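**Q** next come a sequence and a model predicted from it.
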Amino acid sequence: MSDFCHVELAKMGSAISHKGVIERVEGDRAFVRITQQSACSGCHARAVCSASERKDKVIEVPTGGQPFTPNEEVEICGQSSVGLRAVWWAFVLPLIGLVAVVMAGSASGWTETWCGVASLAWLVVYVGVLYLLRDKFKREFVFFLKKLNTVS
């Protein structure tokens, strides 16, 4: 991890970082493409293994007033607790709600079909609420950008 991430996040705790490339810049926001790799992506047999997986993700990050250009290499830094909160909102909370709906439906005497329909309805409502709160999440899950390959 770069010194930049350590300096920016020293007050906040441990940090995570990813290298990426600027796709585009819109106002004070940069859209950075990072490659997310599975844990086994460093294995020498990954080319022939079906378990190895790579995905490109585009992340919207505030520029902090710095000028960035498309195709520029950057590093994205953030708190590790941001990742834990994201897992909570994206996976843990919907799973708890899903199980609760199925259990409540079963306890109420619903058939398995209606329990399944109700749990899917719960997920649709939950995703809708997340969508409505997307601006709040953008402010809560903050990342920093650092230019790479610059001469000081």
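**A** Looks like it came in fine. Numbering: from 1, shown residues only.
**Q** from here on, contacts and neighbour counts on C-alpha atoms
**A** Will do.
**Q** need the three-state assignment for residue 138.
**A** Classification of residue 138 by DSSP: H, G, I helix; E, B strand; the rest coil places it in helix.
**Q** for residue 87, see how far away it is.
**A** Residue 138 sits 15 Å away from residue 87, going by CA to CA, to the nearest Å.
**Q** next: residue 16.
**A** Residue 16 sits 15 Å away from residue 87, going by CA to CA.
**Q** between the two, which is the more surrounded one?
**A** Between residue 16 and residue 87, residue 16 has the larger neighbour count (other CA atoms under 10 Å), namely 17 against 12.
**Q** count of neighbours near residue 98?
**A** 21.
**Q** swap that for residue 130, please
**A** Look at residue 130: counted by other CA under 10 Å, it has 15 neighbours.
**Q** now do residue 107
**A** 9.
**Q** pLDDT score for it?
**A** With respect to pLDDT, residue 107 has a value of 97.
**Q** and residue 84, by the same measure?
**A** Confidence score, pLDDT, at residue 84: 86.
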